[in-house]
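>>> give me a 3D structure for the following:
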Amino acid sequence: MKIKFIIILLSVVSINSGIFEAWTEFNRKNREDVWEKITGKKSTKKSNKLDAEPLGPTFKDVAGGIPNELLHLKNTILKGENYPKGILLQGPPGTGKTYLVKALANEIGVPIIPVSSAELISGWMGGGARGLKAKFTEAKAITKATGAPVILFFDEFDAIGKRYEDNINQAVAEESRRTINALLEHMDGFSSDNKVIIIAATNHPELIDDAFKRPGRLDFIVNINLPDEPKRAEILKYYIESDRVNKFSSHIDFDELAKLTGGFNCADLKQIIVEAGVNAFFTSDPMIPSVITQEHLKEAIKNRKGSKKIDFVDADKKPEKQSNIKFKDVVGGVPKEILDLKAFLENDEAFEAVGAQKPTGILMVGPPGTGKTMLARALAGEVEAAFFAESASAFIEVYVGTGPKRIREIFEQANRAIADGVTKKAIIFIDEIDAIGNRNSRVGASSEENRTITELLVQMDGFNKNKNITVLAATNRVDLIDPALKRPGRFDYIIEVPLPDLQKRKAILNHYMFNKPRNIDSSIDFDLLAVRTEGFNCADLQDLINRAAINAVRVNRKIILESDIEAALKEILSSKKRF
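A predicted model of the protein is given here:
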């Protein structure tokens with residue numbers, strides 16, 4: 001039973017993402033009670049397909065509590081009062097928006113029809129409008145057949161609801177306009193007794209066209225924020241106390257865990273318990289049931305934090321005051337240029353005394369998964385600098401004028417942190433800088449992109465005199481970077497972060513295999529494995545060992561065999577061929 005539970009956990013590490021299938025079976029009695037409360041009439045619709053018990057979660061299954069707006073919405077519907085027909089759930093990824101919609105549907109006893117917004121705009125010209133018509137027709141057919149409401153759920157709504165004026169390609173803009181207009185017509189065509197409830201979810205509310213937020217459309221907005229410290233403690237406690245299979249130490253300090261998980265979403269918190277369970281399995285005596293301890297959880301948090309990126313900048317976001325990542329945590333070694341940069345940041349006066357000048361901007365280049373973000377965090381940890389991170393794509397996926405504003409905000413935050421004595425040094429890290437610095441799109445780039453990159457250069461020039469702020473950027477495609485960005489005084493210090501060579505692959509494989517107490521089959525030839533994994537990045541190698549460990553767990557074996565490695569290697573190679 002225990003192994004089955006671990007396998008189930010491993011299969012749901014992204015429990016709050018994606019879309020789900022429409023429920024065609026739900027409790028008939030519950031549905032009829034709801035319908036009677038809404039209309040004052042008993043439902044006469046009967047169907048053997050609707051006799052099953054409700055599927056999926058309810059509000060009591062939602063860790064961390066339910067937003068007051070959804071509680072009010074549920075009560076309004078159950079009381080038969082006038083309820084909003086358009087609801088927008090907005091918040092960062094992994095905060096449980098999809099899960100909340102499932103729970104709401106079960107609470108009020110109605111089915112859901114999922115709509116993939118991305119699919120509506122990725123087909124042939126006119127396909128978006130036709131796809132919408134099919135979904136609305138399906139929804140109305142269900143309400144007619146069951147006599148009950150139905151939820152039409154649009155996940156990633158910004159894909160369809162984005163302002164079409166922001167699209168550079170005219171054909172894309174025209175198709176976007178047609179799809180938006182079709183959706184607005186469907187929403188405006190609802191009669192007062194219409195029983196189709198539209199719920200949309202987005203990670204980027206700033207992208208949504210204002211037309212959708214007008215009265216009678218998506219005018220009921222629910223903010224689903226990242227959990228704060230008390231809420232994280234509550235969520236972790238919920239997950240652990242509701243675990244009926246794995247055994248946990250009685251000395252779990254939820255407050256400490258909550259302090260260590262700043263910026264984690266619900267999915268992240270679930271994942272650290274999964275990883276802690278695997279760690280506990282391999283560290284326990286084969287004859288004694290494993291127990292997940294505080295240390296197992298803290299180790300899982302540390303591993304999760306090392307690979308976690310910051311996806312957006314909040315005007316009130318605090319920097320990472322003390323990174324727990326150091327050079328010793330970087331598997332495979334640190335490039336000499338990064339070590340030189342550390343020496344300069346720690347002894348800037350000595351270098352300046354001999355005429356050396358600190359680079360204005362540092363550009364790390366290399367394939368995906370080679371640890372560029374990890375190196376930036378480790379550098380910040382080594383020099384005790386506040387760390388501000390942002391993905392460049394977030395600067396341009398916003399309303400006009402917001403890109404330059406975000407650039408200014410992140411520099412202002414860094415300057416303020418130093419002025420207020422929060423830190424003596426600050427590192428600003430911009431990932432995927434080719435998103436705004438792509439030379440192939442400069443001629444046809446939007447004015448927003450031009451303003452954003454111009455603001456970045458202005459801010460860098462303006463901070464030349466502030467020796468305590470260092471700007472790092474990373475890219476997988478240095479060939480696409482506009483030469484103007486690499487001129488002296490800008491990103492003129494380039495650091496190569498290549499795929500690991502044979503010796504580094506050996507070191508990385510050995511690290512991930514033996515950094516935790518595990519029983520390893522002595523017949524495994526790691527030298528040969530390093531040869532066979534040419535072209536693998538650090539993330540691939542870590543994934544290889546993790547998959548091998550999971551293969552052993554699946555058969556309740558506490559020793560990793562060569563067959564586990566082989567199976568994992570085939571899975572990864574097959575995946576690489578597909579992409």
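>>> distance of L236 from Q271?
Computed as Cβ to Cβ, to the nearest Å, the L236 to Q271 distance reads 12 Å. Heads up, the C-betas are built off the backbone N, CA and C, glycines and all.
>>> OK, contacts around the closest residue to R547 other than its chain neighbours?
Distances taken as Cβ to Cβ, 6 or more residues apart in numbering place A568 nearest to R547, at 3.6 Å, with adjacent residues excluded. A568 makes contact with 543-545, 547-548, 551, according to Cβ atoms under 8 Å, 6 or more residues apart in numbering.
>>> out of those, which sit inside strands?
Residues of the contacts of A568 located in strands (DSSP state E): none.
>>> okay, helices next: where are they in the stretch 251-400 of the chain?
Ranges of helices within the stretch 251-400 of the chain are 254-260, 266-283, 294-307, 336-346, 348-353, 372-383, 393-396, based on DSSP state H, counting those that start in this stretch.
>>> turn those helices into TSV, including mean pLDDT.
TSV is the format used below for the helices of the stretch 251-400 of the chain (pLDDT from 0 to 100):
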stretch	mean pLDDT
helix 254-260	92
helix 266-283	84
helix 294-307	80
helix 336-346	91
helix 348-353	78
helix 372-383	92
helix 393-396	69
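>>> export these to CSV and tack on mean neighbour count and distance to A129?
Shown next, in CSV, are those (neighbours: other Cβ atoms under 10 Å; distance: least, Cβ to Cβ, whole Å):
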stretch, mean neighbour count, distance to A129
helix 254-260, 17, 47
helix 266-283, 22, 33
helix 294-307, 19, 41
helix 336-346, 16, 52
helix 348-353, 12, 60
helix 372-383, 23, 40
helix 393-396, 20, 27
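>>> compare those helices and report which one is nearest to T58.
For T58, the closest of these is helix 266-283, at 16.5 Å, according to Cβ to Cβ.
>>> put the alpha carbons of the closest one into CSV.
Output in CSV follows, covering the C-alpha atoms of helix 266-283 (Å, rounded to 0.1, in the frame of the first residue of the first chain):
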residue,chain,number,x,y,z
CYS,A,266,0.8,24.7,-3.5
ALA,A,267,2.3,22.4,-6.1
ASP,A,268,5.8,23.1,-4.8
LEU,A,269,4.8,22.3,-1.2
LYS,A,270,3.3,19.0,-2.4
GLN,A,271,6.4,18.2,-4.3
ILE,A,272,8.8,18.6,-1.4
ILE,A,273,6.8,16.0,0.6
VAL,A,274,7.0,13.6,-2.4
GLU,A,275,10.8,14.1,-2.6
ALA,A,276,11.2,13.8,1.2
GLY,A,277,9.3,10.5,1.0
VAL,A,278,11.7,9.1,-1.6
ASN,A,279,14.7,10.3,0.5
ALA,A,280,13.3,8.7,3.6
PHE,A,281,12.7,5.4,1.7
PHE,A,282,16.3,5.1,0.7
THR,A,283,17.8,6.2,4.1
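>>> tell me what it is packed against?
Here helix 266-283 touches helix 2-10, helix 229-241, strand 291-292, helix 294-307, helix 538-554, going by 3 or more Cβ pairs under 8 Å, 6 or more residues apart in numbering; DSSP states H and E.
>>> need the least confident one among those, by mean pLDDT.
Ranked by mean pLDDT, the helices and strands packed on helix 266-283 end with helix 2-10 in last place, scoring a mean of 40.
>>> so where does I199 fall, helix or strand?
Using DSSP states H and E, I199 maps to strand 196-202.
>>> following that strand, which helix or strand shows up next?
Moving toward the C-terminus from strand 196-202, the next helix or strand (DSSP H and E) is strand 220-223.
>>> give the buried residues for that next one.
220, 222 (16 or more other Cβ atoms under 10 Å).
>>> quick one: strands adjacent to that strand?
Sheet partners assigned to strand 220-223 using DSSP bridges are listed as strand 86-90 (parallel).
>>> ok, back up a step: for P359, which of the helices of the stretch 251-400 of the chain is the nearest?
helix 336-346 (7.7 Å).
>>> okay, the angle between the closest one and helix 372-383?
Comparing the axes of helix 336-346 and helix 372-383 via axes from the mean of the first three to the mean of the last three Cα atoms, to 10 degrees yields an angle of 30 degrees.
>>> what packs against helix 336-346?
Applying 3+ Cβ pairs under 8 Å, 6+ apart, one finds that helix 336-346 contacts helix 372-383, strand 493-496.
>>> quick one: V150 and A139 touch, right?
Yes: if you go by Cβ atoms under 8 Å, V150 and A139 touch, sitting 5.0 Å apart.
>>> could you dump stretch 136-147 to CSV, C-alpha only?
Extracted in CSV, the C-alpha atoms of stretch 136-147 (Å, rounded to 0.1, in the frame of the first residue of the first chain):
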residue,chain,number,x,y,z
PHE,A,136,-21.2,26.5,-26.0
THR,A,137,-23.5,24.2,-27.9
GLU,A,138,-22.3,21.3,-25.8
ALA,A,139,-22.8,23.3,-22.6
LYS,A,140,-26.3,24.2,-23.5
ALA,A,141,-27.1,20.6,-24.5
ILE,A,142,-26.1,19.4,-21.1
THR,A,143,-28.2,22.0,-19.3
LYS,A,144,-31.1,21.1,-21.4
ALA,A,145,-30.6,17.3,-20.8
THR,A,146,-30.0,17.5,-17.1
GLY,A,147,-32.0,20.6,-16.1
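>>> in that stretch, which residues are buried?
For stretch 136-147, the neighbour count (16+ other Cβ under 10 Å) marks 136, 139, 142-143, 146-147 as buried.
>>> just to revisit the earlier point, closest to I87 out of the helices of the stretch 251-400 of the chain?
Evaluated with Cβ to Cβ, those place helix 266-283 nearest to I87, the distance being 19.6 Å.
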